[in-house]
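Novice: Task: produce atomic coordinates for the following.
(one chain, ligands or ions: 1)
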Amino acid sequence: MSDYKLLINGELVAGDQSMDVLNPATEAVLARCSRASEGQLNAAVAAAKAAFPAWGETSIDERKRVVNAIADVIEANANELAQLLTQEQGKPLPDATGEVYGMAAFCRYFTSLDLPVEVLEDSDGKRVEAHRKPLGVVAAIVPWNFPLILMAFKLPPALIAGNTLIVKPAPTTPLTTLRLGELIRDVVPAGVVNVITDANDLGAALTAHPDVRKVSFTGSTATGSKVMAGAAGLLKRITLELGGNDAGIVLDDVDPKDVAPKLFQSAFQNSGQVCIAMKRLYVHESIYDEICDELTTIANDTVVGDGLQQGTRLGPLQNRMQYEKVKELIEDAAQHGRIIAGGDVLDQPGYFIRPTIVRDIADGTRLVDEEQFGPVLPVISYSDFEDVVAKANASPYGLGGSVWAKDLDRAYAMAKKMDAGTIWINQHADLNPAIPFGGSKQSGIGTELGAEGLAEFTQLKIINMAR
Ligand code: NAD
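Specialist: Predicted structure coming up:
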């Protein structure tokens, strides 16, 4: 069994402090792990800084070999990592297994990309080239809903571009990341990847550290704005993937029976703790009752429980704070709408909330306007197509959105009017490492994934030669 040490300069180091990690399905202590001090944070940054010149000068092929070796290690240890992920995060084991293999697949995707020198002009008098250079030390700060896959948005492109890294998982889900650090120690040169943990107390110091050149952050909008402020002093590069309140809009021509399971999955996957979960659902009045009834049936049939138990479809909320927040939102929604499924917690230890559907609710209520980040979905009736788009766009967030229809031309026309980083049609939250991803408005700044996601880990450098 691992003792969950930090990875600093290629060495496994006990934290200056330690902390308990709970299993959200039982509320029992799952493990005690290392917690870094500010001195250890500084040591990790110093190691990454020292490793950068050599790593930045290696060939991209060598860096791809290392990233592929990381993917090999992940796949070879997939069962252990998935078990651990379920126990610390709460998600059902098949989902955790998918996340582990997903991380390996994201690593392999980025090894398919190159950073060629682009020739912008090659004339008698002039040659102009665009080079993509690494930035230096990158901080990768990750939240607790998808500790591995969200790390995979950052680690492989950062390394392939030639940067060195400090990875910091969320305080309530540090174990899988620490274990991964231990497993990749032998395949990554010392100092190139460092893993530190904290109790929500080192983020500011990491962000503002003078030797960190870029912060790649995924988390809430409130913290993202602190990261931006912390990075401002030294004009660091930042990529922010923040909160969302994705609207799904169902047009009047769908088959409710066909579409309802897909809507349910879009909203409740990972117990709703997904940045791009569908968080408010607008349904045309002509099929509103039918969709509500179908969703209720699915919610009532959904098995909620410990993610390690076979048959569990939805696990617990990941931590007590989120559990209390979602319960509060449900209580508030009960005053403004009608709960037709769920609304209750399981009578056992663990942060379990049954999938909850709220109908006859409107914009202007907390559940519709705020990001719930939990297993509760407001279903809002609409009659006017222009008006529903205006409501979808009225949010300060703009991460994703979706339109559901048989008539793809109508859906496409509506998708073009919606303001968000991604609009899906007849699906929601389809993620692929080759497709760029990022939010509009307060859902973020910058892009992850795809060639654009790789480019964000580089500095564009022009060589402009007169001859
Ligand atoms: P959070 O903002 O509380 O924490 C995210 C990370 O930031 C953690 O590692 C935390 O320790 C660290 N942190 C805390 N204070 C910091 C500071 N001052 N400076 C730097 N880092 C600091 O978010 P969370 O509650 O862990 O995650 C849930 C949120 O993340 C939701 O809003 C969700 O929508 C969002 N999210 C967004 C995406 C996306 O891609 N857009 C993906 C997943 C989650």
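Novice: quick one: D201 and the ligand, what's the gap?
Specialist: Relative to the ligand, D201 is positioned 8 Å away (Cβ to the nearest ligand atom, to the nearest Å). Heads up, the C-betas are built off the backbone N, CA and C, glycines and all.
Novice: And for S225?
Specialist: Counting by Cβ to the nearest ligand atom, the gap from S225 to the ligand is 10 Å.
Novice: Which of the three states applies to that residue?
Specialist: Three-state assignment for S225 (DSSP: H, G, I helix; E, B strand; the rest coil): helix.
Novice: what does the stretch 201-350 of the chain put close to the ligand?
Specialist: Taking Cβ under 6 Å from any ligand atom as the criterion, the stretch 201-350 of the chain approaches the ligand at residues 203-204, 207, 218-220, 223, 226-227, 241-244, 275.
Novice: now those residues in CSV, with neighbour count and distance to L22?
Specialist: Output for these, formatted as CSV (neighbours: other Cβ atoms under 10 Å; distance: Cβ to Cβ, whole Å):
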residue, neighbour count, distance to L22
G203, 22, 20
A204, 14, 24
T207, 25, 26
T218, 24, 22
G219, 22, 20
S220, 15, 20
T223, 20, 21
K226, 15, 25
V227, 26, 26
E241, 27, 26
L242, 26, 26
G243, 23, 24
G244, 29, 26
C275, 27, 23
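Novice: Would you point out the most distant pair within those residues?
Specialist: A204 and G244 (23.8 Å; Cβ to Cβ).
Novice: thinking again about what came up before, just the residues of the stretch 201-350 of the chain next to the ligand: which are in helices?
Specialist: Counting by DSSP state H, the part of those found in helices is G203, A204, T207, T223, K226, V227.
Novice: Test my guess that the last one contacts I238.
Specialist: It stands for V227. Yes. The criterion here is Cβ atoms under 8 Å, and V227 meets it with I238 at 6.4 Å.
Novice: So for the two, which residues contact both of them?
Specialist: Counting by Cβ atoms under 8 Å, 6 or more residues apart in numbering, the shared contacts of V227 and I238 are V215, F217.
Novice: Could you pick out the longest helix of this structure?
Specialist: Max-length helix for the chain by DSSP H is helix 38-57.
Novice: Compute the inter-axis angle for the next helix-or-strand element following that helix and helix 38-57.
Specialist: Per DSSP states H and E, the first helix or strand lying C-terminal to helix 38-57 is helix 60-76. Here helix 60-76 points in a direction 130 degrees away from that of helix 38-57 (axes from the mean of the first three to the mean of the last three Cα atoms, to 10 degrees).
Novice: buried sites along helix 60-76?
Specialist: I60, R63, K64, V66, V67, N68, I70, A71, V73, I74, E75 (16 or more other Cβ atoms under 10 Å).
Novice: Apart from its neighbours in sequence, what residue is nearest the third one?
Specialist: Spelled out, that is K64. Nearest non-adjacent residue to K64, counting by Cβ to Cβ, 6 or more residues apart in numbering: T111, 4.1 Å away.
Novice: Torsion angles phi and psi at the one you found?
Specialist: The phi/psi pair for T111 (degrees, to the nearest 10) reads phi -70, psi -10.
Novice: re the thing from before, any chance of JSON lines for the buried residues of helix 60-76, columns distance to T86?
Specialist: Listed next are the buried residues of helix 60-76 as JSON lines, based on distance: Cβ to Cβ, whole Å:
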{"residue": "I60", "distance to T86": "35"}
{"residue": "R63", "distance to T86": "31"}
{"residue": "K64", "distance to T86": "31"}
{"residue": "V66", "distance to T86": "28"}
{"residue": "V67", "distance to T86": "25"}
{"residue": "N68", "distance to T86": "26"}
{"residue": "I70", "distance to T86": "21"}
{"residue": "A71", "distance to T86": "21"}
{"residue": "V73", "distance to T86": "19"}
{"residue": "I74", "distance to T86": "16"}
{"residue": "E75", "distance to T86": "18"}
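Novice: Could you pull up phi and psi at the nearest residue to Y382 once chain neighbours are set aside?
Specialist: Leaving aside its sequence neighbours, Y382 sits nearest to V388 (Cβ to Cβ, 6+ apart; 4.2 Å). Phi and psi for V388, reported as degrees, to the nearest 10, are phi -70, psi -30.
Novice: isn't V388 right up against G248?
Specialist: No. Using Cβ under 8 Å, V388 makes no contact with G248, being 10.6 Å away.
Novice: what sits in contact with each of those two?
Specialist: In contact with both V388 and G248: Y282, using Cβ under 8 Å, 6+ apart.
Novice: who has more neighbours, these two?
Specialist: G248 (26 against 22; other Cβ atoms under 10 Å).
Novice: That one looks like it's in a strand, true?
Specialist: Yes. Counting by three-state DSSP, G248 is part of a strand.
Novice: burial count for L30?
Specialist: With other Cβ under 10 Å as criterion, L30 counts 17.
Novice: what about V212, how many neighbours?
Specialist: Counted with other Cβ under 10 Å, residues neighbouring V212 total 25.
Novice: Residue numbering should commence at 520 henceforth.
Specialist: That works, and once the first residue is 520, the last one we named lands at V731.
Novice: Name whatever forms a beta bridge with it.
Specialist: V656 (DSSP bridges).
Novice: residue ranges with poor pLDDT in the stretch 520-669 of the chain?
Specialist: Low-confidence segments of the stretch 520-669 of the chain (pLDDT under 70): 520.
Novice: Which positions in it make contact with the ligand?
Specialist: I660, V661, P662, W663, N664, L669.
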